[in-house]
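J.: the sequence and its predicted three-dimensional model are supplied below.
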Amino acid sequence: MQTDFHFYAVYALARAAGFKADDADVIAYSSEHTDDAKYDHALDFQNGGRFQQILTAHQFLTPRALNRTTCYRIWVPFHFLPGNLGVDFYERMVTRPGGAIAQRLIDDLLASNIRPYALHRLGILLHCYADTWSHQNFLGVIRDNMNSVRKLKVQRMPASSFQNVMRSLRKRVKEYAIPKLGHAQAGTIPDEPYREWRYENYSGKKFDIYNVERSLDAAQSCYQVMLKFLKIFPAYSHTKPLQWHELTSMFEKQLGLEADSRTRVDSWKDAISGGEFGLKIEENDKNINYDDREWFRYAVKVEKTDNGKEIYERKPEFEKSNWKFFHDAGAFHRFTVLHEILPEHGMICG
């Protein structure tokens with residue numbers, strides 16, 4: 001899924017569930033930032049201390065870095081959560097919508113004590129959970145044949161146009177240079193909510209897919225997680241939640257919009273700020289916007305030396321900043337998936 005779902009749809013869901021606007025923004029930002037935390041170098045601060053970033057995304061990785069280690073540290077815990085169906089290890093690694101591993105991860109969150117990064121962890125979990133719908137039937141490790149996409153056909157998209165898109169992706173995003181990883185052979189088609197497409201997998205099984213249906217199912221499932229969270233942690237509840245059926249038509253309309261990413265995002269912004277989801281509009285709702293460097297700029301000051309080297313300084317707000325809490329939550333999430341939940345199911349991936 002892309003920014004229109006991971007940030008804007010998640011924001012709308014959080015507000016409808018009863019979170020106040022500021023908390024909804026933290027949840028939605030964490031959800032989308034899971035696709036944008038592209039740095040893993042430690043920050044050695046000029047005013048003392050050191051902080052290790054957690055890599056949850058992949059855009060800056062070179063093809064050489066897209067190896068087994070990267071797959072198990074990034075793709076598996078954050079984007080292609082194993083579904084645990086089948087007998088063979090790699091069959092069990094295939095992502096399934098709302099699968100048993102995902103449910104166990106949700107249970108772990110809901111049974112945890114509240115930490116300063118609870119909302120950030122919720123947002124990361126919702127990203128991972130939603131991706132089990134858009135990434136279903138693929139696995140987050142490089143594997144011969146099992147990630148094959150054969151006889152791909154995309155409605156209202158000529159084959160020549162798809163090939164042009166793929167060439168562009170391979171130049172910009174190194175993930176798509178590795179055809180045996182995830183859904184690389186299908187490009188961004190599985191992540192675009194309005195797409196209708198079909199293909200055959202490595203075993204000849206045919207799939208006929210309407211992404212709106214998948215996205216609606218993911219949205220409703222994420223909404224249920226939010227409602228459960230608020231029931232267990234009522235201090236975060238700000239308003240009475242809406243019923244899912246009150247939201248369905250607007251979500252179906254937004255998810256079905258056949259347009260580029262920027263246009264889809266603008267449509268979500270207008271719908272949220274215009275009160276089209278039946279929400280009591282707060283100030284943050286009117287100015288909803290995602291900036292992938294906003295949290296970092298608030299927490300860290302960056303200067304360049306004469307030779308171009310970057311030096312970092314902790315700002316006074318660093319210890320309680322959303323940027324720090326996001327990385328704390330990312331580290332916790334990755335450890336929980338790789339070292340606790342997957343081993344419970346006999347899957348050693350850490």
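T.: Thanks, I have the structure now. Numbering: from 1, shown residues only.
J.: residue 151 in helix, strand or coil?
T.: strand (DSSP: H, G, I helix; E, B strand; the rest coil).
J.: dump the residue contacts of it.
T.: Contact partners of residue 151, counting by C-beta atoms under 8 Å, 6 or more residues apart in numbering, are 198-200. Glycine gets a C-beta too; all of them are placed from N, C-alpha and C.
J.: max-length helix in the chain?
T.: helix 211-232 (DSSP state H).
J.: and that helix, which residues are buried?
T.: Residues of helix 211-232 classed as buried by neighbour count (16 or more other C-beta atoms under 10 Å): 211-212, 214-216, 218-219, 221-223, 225-227, 229-230.
J.: distance of the spatially most central residue of the chain from residue 57?
T.: For the chain, residue 127 is the residue whose C-alpha lies nearest the centre (C-alpha atoms, centre = their mean; 3.2 Å). Separation of residue 127 from residue 57 (C-beta to C-beta, to the nearest Å): 10 Å.
J.: repeat that for residue 240.
T.: Residue 240 sits at a distance of 35 Å from residue 57 (criterion: C-beta to C-beta).
J.: now residue 165
T.: Residue 165 is 20 Å from residue 57, where distance means C-beta to C-beta.
J.: picking up where we left off before, show me the contacts of residue 151 that map onto strands.
T.: Counting by DSSP state E, these place 198-200 in strands.
J.: among those, who's most crowded?
T.: Note: the member of these with the most neighbours is residue 199, at 22 neighbours, neighbours being other C-beta atoms under 10 Å.
J.: that residue against residue 150, yeah?
T.: Yes: if you go by C-beta atoms under 8 Å, residue 199 and residue 150 touch, sitting 6.3 Å apart.
J.: that older thread, looking at residue 240 and residue 57, which one has more neighbours?
T.: Taking neighbours as other C-beta under 10 Å, residue 240 and residue 57 compare with residue 57 leading, 19 against 7.
J.: if we can go back for a sec, nearest to residue 137 among the buried residues of helix 211-232?
T.: Closest to residue 137 out of these is residue 214 (11.0 Å), distances taken as C-beta to C-beta.
J.: which residues touch the residue nearest to residue 82 when sequence neighbours are not counted?
T.: In this structure, residue 82 finds its nearest non-sequential neighbour in residue 93, 4.7 Å apart by C-beta to C-beta, 6 or more residues apart in numbering. By C-beta under 8 Å, 6+ apart, residue 93 lies in contact with 76, 80, 82, 139-141, 347.
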